[in-house]
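Asker: build me a model from this:
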Amino acid sequence: MNIKKEDTKKEKSYNLGTPKNFLIPLTLLHLQNLNAHGYELMEKLTQFGIQTMDQGNFYRVLRQLEKDGLVTSIWDTSSGGPAKRIYSITEGGEQYLEVWADSLGHYQKMLNQFFNLYNPFYNPFTMPSNETKEKNEKD
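Answerer: Predicted structure coming up:
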């Protein structure tokens, strides 16, 4: 096997993507703190770390959440521009979010065990970033 020297220096980054159904609890989580229109929710999700999101698909997700009774929406005509739907979480959405939080808590425990076995000294929150590693390699 012939490996180039350049390839060994580069740290590979794998983007496995965000599962589509993870978008739902993240959306509900943001709606728990504020009522928002779709574009504002997309901005919040991007700030949270979701890197790619199709705007059309996201609005379809919001419509489906409304059909499922997890969110409600009203038309906001108070601003000078076109009317916008303002989304709010429902009691059903709160319950759905609580189930997800419980499930993620179990996954968190499994992930902690995984990293403890993978490398007992590995702490993803204290590891230097790629930029820091590259700077240290140059020095």
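
Asker: and the gap between the spatially most central residue of the chain and residue 114?
Answerer: Closest to where the C-alpha atoms of the chain average out (C-alpha atoms, centre = their mean) is residue 50, at 4.6 Å. To residue 114, residue 50 is 23 Å away according to C-beta to C-beta, to the nearest Å. In short, each C-beta sits where N, CA and C put it, glycine included.

Asker: before we move on, what about residue 68?
Answerer: Taking C-beta to C-beta, one finds residue 68 at 32 Å from residue 114.

Asker: out of the two, which sits in the more crowded spot?
Answerer: Taking other C-beta atoms under 10 Å, residue 68 and residue 114 do not tie; residue 68 has more neighbours (13 against 10).

Asker: for the more buried one, phi and psi?
Answerer: The phi/psi pair for residue 68 (degrees, to the nearest 10) reads phi -80, psi 0.

Asker: show me the contacts for it.
Answerer: residue 92 (C-beta atoms under 8 Å, 6 or more residues apart in numbering).

Asker: check which residues of the helix or strand residue 115 falls within are buried.
Answerer: Using DSSP states H and E, residue 115 sits in helix 91-118. For helix 91-118, a neighbour-count test (16 or more other C-beta atoms under 10 Å) marks 93, 96-97, 100 as buried.

Asker: closest one of these to residue 36?
Answerer: residue 93 (13.4 Å; C-beta to C-beta).

Asker: find the nearest non-adjacent residue to the closest one, please.
Answerer: The spatial neighbour of residue 93 that comes closest, neighbours along the chain excluded (C-beta to C-beta, 6 or more residues apart in numbering), is residue 70 at 3.8 Å.

Asker: circling back to that earlier point, over to the residue nearest to the centre of the chain: give its phi and psi.
Answerer: phi -80, psi 120.

Asker: is it true that it touches residue 27?
Answerer: No: using C-beta atoms under 8 Å, residue 50 makes no contact with residue 27, being 9.9 Å away.

Asker: quick check: residue 100 vs residue 24, distance?
Answerer: Residue 100 is 8 Å from residue 24, by C-beta to C-beta.
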